[in-house]
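Student: make a model of this:
(one chain, ligands or ions: 1)
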Amino acid sequence: MDFNYGISEAIAKASGIDINEIKDTLEIPANGEMGDYAFPCFKFAKIMRRSPSLIAEEIADKIEKPDFVSKIQTVNAYINFYIDKSIFVKNVITNIIDKGNDFIKSDIGKGKTVVIDYSSPNIAKPFHVGHLRSTVIGNALYNIYETLGYNVVGINHLGDWGTQFGKLIVAYKMWGNKEAVEKDDIKELSRIYVKFHEEAEKDPSLNDEARSWLVKMQEGDKEALALWKWFCDISMKEFNRIYDRLGIKFDSYAGESFYNDKMAAVVDELKEKNLLTESRGAQIVDLEKYNMPPCLILRSDGGTLYPTRDISAAIYRMNTYDFEKCIYVTALDQNLHFAQWFKVIELMGYYWADKLIHVPFGLVSLGDGKLSTRKGHVVLMEDILNMSVEKTKNIIEDKNPNLENKDKIAEDVGIGAIIFDDLYNSRIKNVVFDMERMLNFDGETGPYAQYTHARACSIIRKAGVNKYEDIENIDPLLICDEASVNVFKVLDEFKYKIQEAAEKNEPYIVTRHIIEICKAFNKFYNENSIMNSEENVKNARLAVVMAVRDNIKVGLEIIGLKAPEAM
Ligand code: ARG
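Tutor: Numbering: from 1, shown residues only. Sure, this is the predicted structure:
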C-alpha cells in the first residue's frame, strides 16, 4: 500500500484535480501534529475561483476517508491527514522486509536511457578539485537514476585532443626527458606544460610550432601520435588511481579524440542546413538572434573546436543510445558553451535538443591556505584524498585504537567525508574545503552517517542476529511510539526523495535525507532501550534497527560512500 497514492486518489475523486498534480502537491509536514500528510490548496484558488480555505473545506467534506486514515482535518488552506499508526508501521515494515535493499527502488525509468557525461578531465593536465566535483556529482546521479530503473550510461568525455598536445610535444622535446616523465608522470607533464606557457610569452613562435604538431597529429604522423598516446596513458594511470579510490566506474571512455573521424560529416551537415557563416576566416554559427556570441565550429586553419566535438558527440550518443536525457556535469563557467551548442542542435532541427541537460555546479575553494596552489606547485587530487585519510586515521587512533582494519576504514571514512561534503548542498553553491568540518563526527557529515550505520550494525551484532528472518515475530503494534513511527516515516519518504533528486538532478536531496534517517534513528535509540526490554519488544525494536541499517547503507552507496560495519 502506498499512502501517498491512496490519499492522492481520494483527493482526486473528491475534487476532480489531476492525480499527478495532487501527488506533487501533497506534503509531509515537519511537525507531526499537523498530520502525517498535508494538502495545501493555495495554487488551486485561481482555477477554482474560490479562496484556498474554502476549497480545503469543500474537498474535505466530499472526501471518502481511506481505511488507513484515522482523521482528516482542515486548518485554513490545508487538509491534514492523520494516518492510523499501527496500519502505517505494519505496512512499511512488511514492505521493507519483503523488498530488502530494493525497498527504495522503482521502475519509473524502465526502458529509458539516461546518458551522463561526467568527470571528463583533460589529459596531461592535473585532475583538479573541479573535476572531483563533476566526478562525485555525476556518479551520484548515475546511481540515483539506476535506482529508479533507468538504463544509465556513464561517459568519461576525456579531454584527449586539442592544442594542449601540440604544446606538450614541443615542451617535451625542449625541456623534458623520458626518465623524468616516467618517474613523476603527471607532475612532470604539468611542469613542462607550465614552462611552455611561460616561455611562449617571451617567444610566441613556440605557439606556431605547437600548432604544427597538432596538425601533424591530425594528419596521422607516427611520432606525434606515439607521443600523444604515451601522454594519454600516463594521465589515465593517475586518473584511474583516483577513480579506484573513489569507487567510480564508467561505461565509456569515448573522449574528444573519439570524434575526430566523425566531425567532417557534422560540419557538412551544418553547411547543408545553411547554418555556417564565415567570420575572419573561421566558420561559425551566428547566434546573435538568441543573444549569444557565435558558436565556433572551425578555426581559420581548419582545426575543430570544443563545441564541434560536443555537437558531434551528442549526435553520436543519440544514435547510439537513444537517450531520454543526456546530462552534462560541469562547472558553472561552462554555461555559455552548453547554451550555445544546445542551440545549434536545435537549429539543426533535432527534435531531441531539449533532452540535453547541462547540470552545472559551483566553485571549490581550498579554504585556509594549507591546500592552496603555491606558484609552480599543483594541488593534486590525490594529495587531498591522502590528507583526509591521514586525519581520519588520527581520529581513529584517538577514539578507537583497537579497531580492526584501521587502514581500510580510514580510507572509507576519509574519502567518504569529502564526497559527502561535496553533495551536502545544492550543486550551484560554492564548496569550501574544510577538513575540520567534513570530518566532524557530530556534524551533518559523512563520518556521522557512517558512524550511525556502524552503531546500528553493532547493536544487531550484540543481539546475535543479522537478518529479519533471525528475529522471531516482529509485532508492529510494539513500535508505534512517536520515535519509532518517525523512523518509519523518513524511511518511507526515501523513495520520493530519490525521485525528486532525479527530477532536479540534485544529489543533495538524497544526502540530506540520509541525515534525516540518522537523526530519527538516534532519537529512537535514545528513547528506546533495546537489549533490556522484554523479548517481544526487543525483537520489534531490532527490526527498526535493521531497517535503518540497511537503508543508510543503500543511501550511502547511492551517493558514493562505503558503509563500514564498525568504526
Ligand atoms: N574536459 C572538460 C573540462 O575539463 C569538461 C568536459 C565536459 N564534457 C563535455 N562534453 N563538454 O573542462
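Student: how far away is residue 30 from residue 166?
Tutor: Computed as C-beta to C-beta, to the nearest Å, the residue 30 to residue 166 distance reads 58 Å. Every residue, glycine included, has its C-beta placed from N, CA and C.
Student: of these two, who's got more company?
Tutor: The neighbour comparison of residue 30 against residue 166 (other C-beta atoms under 10 Å) goes to residue 166, with 26 against 6.
Student: contacting residues for that one?
Tutor: 209-214, 217 (C-beta atoms under 8 Å, 6 or more residues apart in numbering).
Student: got the residues of the protein near the ligand?
Tutor: With C-beta under 6 Å from any ligand atom as the criterion, the chain meets the ligand at residues 117, 120-122, 157, 159, 310, 328, 330.
Student: so which other helices or strands are in contact with the helix or strand of the chain with the lowest mean pLDDT?
Tutor: Using mean pLDDT, DSSP states H and E, strand 364-365 stands out as the lowest-scoring helix or strand of the chain, at a mean of 82. Applying 3 or more C-beta pairs under 8 Å, 6 or more residues apart in numbering; DSSP states H and E, we find strand 364-365 packed against helix 129-147, strand 431-432.
Student: contacts for the helix or strand just after the last one, please.
Tutor: It stands for strand 431-432. Next in sequence after strand 431-432, counting helices and strands by DSSP states H and E, comes helix 435-438. The contact list for helix 435-438, computed with C-beta under 8 Å, 6+ apart, reads 387-388, 391, 417-418, 420-421, 443, 445-447.
Student: now the helices: where do they sit in the stretch 101-250 of the chain?
Tutor: With DSSP state H, counting those that start in this stretch, the ranges of helices along the stretch 101-250 of the chain come out as 129-147, 163-175, 178-202, 205-219, 222-246.
Student: so can I have a markdown table of the residues of the chain next to the ligand showing neighbour count and pLDDT?
Tutor: Converted to a markdown table, the residues of the chain next to the ligand look like this (neighbours: other C-beta atoms under 10 Å; pLDDT from 0 to 100):
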| residue | neighbour count | pLDDT |
| --- | --- | --- |
| 117 | 27 | 98 |
| 120 | 22 | 96 |
| 121 | 26 | 94 |
| 122 | 18 | 91 |
| 157 | 24 | 98 |
| 159 | 20 | 95 |
| 310 | 24 | 98 |
| 328 | 25 | 98 |
| 330 | 24 | 97 |
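Student: and which of these is nearest residue 270?
Tutor: residue 310 (13.2 Å; C-beta to C-beta).
Student: isn't that closest one up against residue 341?
Tutor: Yes. The pair residue 310 / residue 341 is scored as a contact, 5.2 Å apart, by C-beta atoms under 8 Å.
Student: ok so, going back, any idea which of the helices and strands packed on strand 364-365 is most buried?
Tutor: Comparing these by mean neighbour count (mean count of other C-beta atoms under 10 Å), helix 129-147 comes out on top with a mean of 24.
Student: now the angle from that helix to helix 222-246?
Tutor: Relative orientation of helix 129-147 versus helix 222-246 (axes from the mean of the first three to the mean of the last three C-alpha atoms, to 10 degrees): 60 degrees.
Student: what mean pLDDT does helix 129-147 have?
Tutor: Mean pLDDT, computed over helix 129-147, is 95.
Student: can you dump the C-alpha atoms of it in PDB for me?
Tutor: Extracted in PDB, the C-alpha atoms of helix 129-147 (Å, rounded to 0.1, in the frame of the first residue of the first chain):
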ATOM      1  CA  VAL A 129      39.100  19.700  -7.400                       C
ATOM      2  CA  GLY A 130      36.600  20.900 -10.100                       C
ATOM      3  CA  HIS A 131      36.900  17.500 -11.800                       C
ATOM      4  CA  LEU A 132      36.400  15.900  -8.400                       C
ATOM      5  CA  ARG A 133      33.000  17.700  -8.100                       C
ATOM      6  CA  SER A 134      32.000  16.600 -11.600                       C
ATOM      7  CA  THR A 135      33.000  13.000 -10.800                       C
ATOM      8  CA  VAL A 136      31.200  12.800  -7.500                       C
ATOM      9  CA  ILE A 137      28.000  14.500  -8.600                       C
ATOM     10  CA  GLY A 138      27.900  12.500 -11.800                       C
ATOM     11  CA  ASN A 139      28.400   9.300 -10.000                       C
ATOM     12  CA  ALA A 140      25.700  10.000  -7.500                       C
ATOM     13  CA  LEU A 141      23.300  10.900 -10.400                       C
ATOM     14  CA  TYR A 142      24.300   7.700 -12.100                       C
ATOM     15  CA  ASN A 143      23.200   5.700  -9.000                       C
ATOM     16  CA  ILE A 144      20.100   7.800  -8.400                       C
ATOM     17  CA  TYR A 145      18.800   7.100 -12.000                       C
ATOM     18  CA  GLU A 146      19.800   3.500 -11.700                       C
ATOM     19  CA  THR A 147      17.700   3.100  -8.500                       C
END
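Student: state the distance from the closest residue to residue 561 other than its chain neighbours to residue 392.
Tutor: Leaving aside its chain neighbours, residue 561 sits nearest to residue 416 (3.9 Å; criterion: C-beta to C-beta, 6 or more residues apart in numbering). As judged by C-beta to C-beta, residue 416 and residue 392 stand 9 Å apart.
Student: common neighbours of these two, please.
Tutor: Counting by C-beta under 8 Å, 6+ apart, the residues touching both residue 416 and residue 392 are residue 447.
Student: picking that back up, tell me which of the helices of the stretch 101-250 of the chain sits most buried.
Tutor: Counting by mean count of other C-beta under 10 Å, helix 129-147 has the highest mean neighbour count of the helices of the stretch 101-250 of the chain, with a mean of 24.
Student: could you list the buried residues of the helix or strand encompassing residue 458?
Tutor: Using DSSP H and E, residue 458 sits within helix 446-462. Neighbour-count burial for helix 446-462 flags 446-457, 459-460 (criterion: 16 or more other C-beta atoms under 10 Å).
Student: quick check: mean pLDDT of that helix?
Tutor: The predicted model assigns helix 446-462 a mean pLDDT of 98.
Student: got a list of contacts for it?
Tutor: For helix 446-462, using C-beta under 8 Å, 6+ apart, the contacting residues are 392, 412-413, 416-421, 438-442, 466, 514-515, 518, 521-522, 525, 530-531, 542, 545-546, 548-549, 552-553, 555-556, 561-567.
Student: so of those residues, which ones are in helices?
Tutor: In this view, the contacts of helix 446-462 that belong to helices under DSSP state H are 392, 412-413, 416-421, 438, 514-515, 518, 521-522, 525, 542, 545-546, 548-549, 552-553, 555-556.
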